[in-house]
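> Predicted model and sequence follow; I will ask about them next.
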Amino acid sequence: MLNLTELMHAISTELEIDSVNDDVTVQLLKNHQNDRCRAILKVKEPGVFSGKCVVDALGGLFEGRLKIDLKVAEGDTLVPGQAILW
């Protein structure tokens, strides 16, 4: 299992790769980095939440520029349409 530092490095590396490939999401992040936006992540399939480490890594990577309100805990049962973070 990756620790938080390794996970942050992996996400950062992927953002760099996407930047080189002119990825549309990275373009938006660069061109609108001072804009405010809101996103809600919803469940598509039933399951169990196992991703708090990824949420923590994103929060650490964007150092206060990204506010994440996690609505579930590790191990919670998930149902389609459920909002798990915003």
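Arrived safely.
> can you pull out the helices in the protein?
Ranges of helices in the chain, per DSSP state H, are 4-20, 24-31, 52-61.
> now for the shortest one, which elements pack on it?
When you say that, I think you mean helix 24-31. Packing partners of helix 24-31 (3 or more C-beta pairs under 8 Å, 6 or more residues apart in numbering; DSSP states H and E): helix 4-20. Quick note: C-beta positions are derived from backbone N, CA and C, even for glycine.
> Which secondary structure elements does the helix it packs on sit against?
The elements that helix 4-20 packs onto, with contact taken as 3+ C-beta pairs under 8 Å, 6+ apart, are helix 24-31, helix 52-61.
> Go through the helices of the chain and pick out the most buried.
helix 52-61 (a mean of 16; mean count of other C-beta atoms under 10 Å).
> Give the bridge partners for L41, please.
L41 has the following beta-bridge partners by DSSP bridges: L85.
> what number of residues lie near it?
As a burial measure, L41 scores 14 neighbours (other C-beta atoms under 10 Å).
> low-confidence ranges in the chain?
Within the chain, the segments meeting pLDDT under 70 span 1, 18-20, 30, 32-33.
> redo that, cut-off 80
1-4, 7-8, 11, 14-37, 61-66 (pLDDT under 80).
> Contacts only, for V43.
Each residue near V43 by C-beta atoms under 8 Å, 6 or more residues apart in numbering is listed here: 78-82, 84.
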